[in-house]
Structure formats: C-alpha cells, structure tokens
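K.L.:
My questions concern the predicted model and sequence given below.
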Amino acid sequence: MNYKNKLHKIKAFIFDCDGVLTDGSITLMPNGEQIRKMSTRDGYALQLAVKKEYIVALITGGSSDAVKSRMNRLGVYDVYLSCNNKVKALNELIHTYDLNTEEILYMGDDIPDYQVMQKVGLPTCPEDAAQEIKQVSQYISNKRGGHGCVRDVIEQTMKLHGKWMNDTWTPSI
C-alpha cells in the first residue's frame, strides 16, 4: 500500500523536535541557554490539525521548556520532553487516545526515532534525515527539518480528509 492510501487512516500526528520541527541546529547563549528556530508555516499546520480534532503530540529527547511553551501555544499539550524511551511514550499515547498503530503518522529524523518509527502505521521523515531513518520511512518529505516538512505531511493528510481550506480561521502562531 502506498503512503497516500495510508494517509486516509491517520488520526494522530506525532513529531520529534530537533531535526523535524527545527533544522537541528542550536544557538548557544553565554548563559548556556539553547535557542532553536521553528517554522511559522509548520506552526500554522499544527494549530489547524488541533482545531480539526487530530491528535498531535511531540516526543523529544530535548528538554527545552521553550519548546513545550511553543507547542502549548499552538494547542499541542501532549509534549514528552527528555524522553529516553520514545516507544514507551508512543504506547502511552496509544492507550490514552485508544489508537491503532495504523492511525498514527510519526515523523523523525535520526537514530533515536528508529524504534518508534517501526511501531507506527506511517513512518515519515524530512528530506535531510539520517540514512537509517530514510530506509525505515514510508514517506520522505521534499522539505528539510525546520523548513516545512511538518506542514507537508499535515497538509497532505488534511487535503485527503477534506479538512484543508474548508473554512476560514485565523491562527495565533
């Protein structure tokens, strides 16, 4: 089955952060704070997915409170920070929302995402993901991490479901 057919079943979007919602680079401030840059277009798609009642979650090994705050402002409250067992977090989401694995799209970019990607119905990755992740992905976005890959998969899914551009809505990205 090709990935477009699998998009019809998607009810939940789960994303890694660094390398997916960001380009994977960080700016280190003198006080040790790490600054990441995120796409507002990805933010728009995340907000719209939440508004259209998709389950949206973030599972990351990172520990940035700023990332959690950003996700919360977008309406994403299932945010797993400092996650060293992404499969455990995935299982918690499956249980909480009574999901089947084929209803889940996961996007990751590097080795820590490998195991969780093997457990979901539609594993995806950005264009610049690690080779091992590309090999396990059923869809590789033509967008790089932090440059629209999140919007790419959300928009494709919502268009297939008839939920993209079907009403007016102003986001607060």
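P.N.:
In hand now; what should we look at? Residues are numbered from 1 along each chain as shown.

K.L.:
all strands for the chain, in order.
P.N.:
Along the chain, the segments classed as strands by DSSP state E run 12-15, 27-28, 34-35, 55-59, 78-80, 104-107, 122-125, 139-140.

K.L.:
hmm, what's the outermost residue in the chain?
P.N.:
What lies farthest from the middle of the chain is Pro30; by Cα atoms, centre = their mean that is 29.8 Å.

K.L.:
circling back: and of the strands of the chain, who's closest to Asp167?
P.N.:
Checking these against Asp167 by Cβ to Cβ gives strand 55-59 as the closest, at 18.6 Å. In this view, the C-beta of every residue, glycine as well, is placed from N, C-alpha and C.

K.L.:
Pull up the pairing partners for the closest one, direction included.
P.N.:
If you go by DSSP bridges, strand 55-59 pairs up with strand 12-15 (parallel), strand 78-80 (parallel).

K.L.:
between the strands of the chain, which gets the lowest average pLDDT?
P.N.:
Lowest mean pLDDT within these: strand 34-35, a mean of 86.

K.L.:
for that one, packing partners?
P.N.:
Applying 3 or more Cβ pairs under 8 Å, 6 or more residues apart in numbering; DSSP states H and E, one finds that strand 34-35 contacts strand 27-28.

K.L.:
rerun that using 7 Å as the cut-off
P.N.:
Packed against strand 34-35 by the contact rule (3 or more Cβ pairs under 7 Å, 6 or more residues apart in numbering; DSSP states H and E) you find no helix or strand.

K.L.:
Cys17 reaches Val67, doesn't it?
P.N.:
Yes. Cys17 is in contact with Val67 according to Cβ atoms under 7 Å; the separation is 5.7 Å.

K.L.:
Partner strands of the helix or strand of the chain with the lowest mean pLDDT and their direction?
P.N.:
Here the helix or strand of the chain ranked lowest by mean pLDDT, DSSP states H and E is strand 34-35, holding a mean of 86. Here strand 34-35 has these sheet partners by DSSP bridges: strand 27-28 (antiparallel).

K.L.:
what bridges to the most centrally placed residue in the chain?
P.N.:
The centroid of the chain falls nearest to Phe15 when counting by Cα atoms, centre = their mean (2.3 Å). Listed beta-bridge partners, Phe15: Leu58, Met107 (assigned using DSSP bridges).

K.L.:
before we move on, the earlier item: could the strands of the chain go into TSV alongside distance to Leu160?
P.N.:
Output for these, formatted as TSV (distance: least, Cβ to Cβ, whole Å):
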stretch	distance to Leu160
strand 12-15	13
strand 27-28	37
strand 34-35	36
strand 55-59	17
strand 78-80	23
strand 104-107	12
strand 122-125	12
strand 139-140	13
